[in-house]
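>>> Please work out how this folds:
(one chain, ligands or ions: 1)
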Amino acid sequence: MPPPVFRFAPSPNGYLHLGHAFSALLNFDMARASGGQFLLRIEDIDATRCRPEFEAAIYEDLEWLGISWETPVRRQSDHFSDFREAVEKLSGRDLIYPAFESRAEIARLVAERESVAPWPRDPDGAPLYPGAAKSFSAPARRQLIGQGLPYALRLDMAAAMAQAPDLTWIEHGEGPAGETGIVAARPEDWGDVILARKETPTSYHLSVVIDDALQGVTCVVRGQDLFWATSVHRLLQSLLDSPQPVYRHHRLVLDGTGQKLSKSTRATALRELRGQGATPAHIRRLVGLA
Ligand code: GLU
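Below you'll find the predicted structure:
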């Protein structure tokens with residue numbers, strides 16, 4: 001068997017905190033213990049929030065922790081053509097449609113629905129797409145695009161699931177309710193997810209799947225908050241004929257009040273702790289790694 005390939009894939013939209021340190025160290029330790037590779041990927045598709053100084057800080061903080069990675073590092077914004085190609089592939093199979101509602105319009109539609117009955121929400125708590133854009137004719141779509149309206153390209157979840165039914169994944173970690181082993185994917189829980197936008201040819205779900213495949217990632221080790229996103233990833237892998245990695249979703253590092261750490265809290269930023277005299281060995285102990 002070829003050696004396993006692990007990756008740590010942070011977004012440079014803030015400074016790394018203890019939660020990132022735990023995930024990066026876990027991936028790095030597992031790669032070392034198994035004679036595998038450890039890759040670093042910069043997930044910077046959101047041009048409004050990602051900044052070069054945060055990317056530079058990622059390299060600095062990881063090096064300080066004693067982590068080394070394969071080069072070149074893959075930076076997602078350098079590979080938009082790979083994502084466009086995948087969108088075209090799915091579009092050619094009639095699995096994608098443009099939706100033109102603004103965020104405010106979507107919020108209004110959801111409020112309208114919820115005044116009658118509860119409206120379903122995805123595993124992250126966001127309401128499912130409530131619009132009717134899927135039923136627009138091809139000429140109507142062309143006309144709206146021609147008018148220069150912004151749009152999101154959404155996956156037609158029902159059609160996609162019909163082409164890739166009964167998906168599962170192998171979980172070596174644990175889901176929020178203790179799910180482990182062979183887990184049944186539930187992509188329907190996410191509704192018609194956004195795969196790209198007019199100005200950005202990809203989304204988190206699409207780029208993570210394409211990059212894991214292009215980089216030959218065999219073991220995805222990441223936080224439990226992404227456990228159910230794996231449903232969408234398995235669906236896209238199946239539709240795009242990508243290999244299926246195994247998954248290990250790990251516990252999250254929580255703050256003193258039991259909340260998930262955030263990039264905007266300085267208290268747990270690695271550089272802040274370093275400034276206060278913490279050593280990499282302290283950080284390992286703080287996140288519960290030997
Ligand atoms: N870029 C994602 C994040 O920073 C992680 C993606 C993944 O591991 O699948 O939360």
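>>> so the residue of the stretch 101-250 of the chain found nearest the ligand, which of the three states?
Nearest residue of the stretch 101-250 of the chain to the ligand (C-beta to the nearest ligand atom) works out as R222 at 3.7 Å. In this view, the C-beta of every residue, glycine as well, is placed from N, C-alpha and C. In the three-state summary, R222 is assigned as strand, counting by DSSP: H, G, I helix; E, B strand; the rest coil.
>>> got a list of what it touches?
Remark: with contacts taken as C-beta atoms under 8 Å, 6 or more residues apart in numbering, R222 is in contact with 9, 23, 247-250.
>>> can you tell me which of those residues are in helices?
S23 (DSSP state H).
>>> so which of the contacts of R222 are also by the ligand?
Among these, the residues lying close to the ligand (C-beta under 6 Å from any ligand atom) are A9.
>>> Tabulate the contacts of R222 (TSV), appending pLDDT.
Formatted as TSV, these follow (pLDDT from 0 to 100):
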residue	pLDDT
A9	98
S23	98
Y247	98
R248	98
H249	98
H250	97
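>>> Kindly list the main-chain dihedrals of Q37?
Backbone geometry at Q37, expressed as degrees, to the nearest 10, gives phi -100, psi 150.
>>> re the thing from before, now the residue of the stretch 101-250 of the chain closest to the ligand: how far from G191?
22 Å (C-beta to C-beta, to the nearest Å).
>>> Ok, D225 next?
19 Å.
>>> what do you get for P165?
17 Å.
>>> likewise M30?
34 Å.
>>> For the stretch 101-250 of the chain, what lies in contact range of the ligand?
Checking the stretch 101-250 of the chain against the ligand by C-beta under 6 Å from any ligand atom, the hits are 208, 222, 226.
>>> Now I210: which helix or strand?
Assessed by DSSP states H and E, I210 sits inside helix 204-214.
>>> Enumerate the positions of that helix that are buried.
204-213 (16 or more other C-beta atoms under 10 Å).
>>> Outside of that helix itself, list whatever touches it.
Contacts of helix 204-214 (C-beta under 8 Å, 6+ apart): 7, 9, 41, 43, 45, 74, 76, 79, 82-83, 86-87, 193, 195-196, 202, 217, 220, 229, 232-233, 236-237, 240, 242-243, 245.
>>> again with stretch 28-43
Counting by C-beta under 8 Å, 6+ apart, 3-12, 27, 55, 58, 62, 67-70, 73-76, 204, 207-208, 211, 215, 217-219, 221, 289 sit against stretch 28-43.
>>> Just give the number of residues close to G146.
Other residues near G146 number 8, with proximity taken as other C-beta atoms under 10 Å.
>>> and it, what pLDDT?
Looking at G146, its pLDDT reads 96.
>>> Thanks a lot, catch you later.
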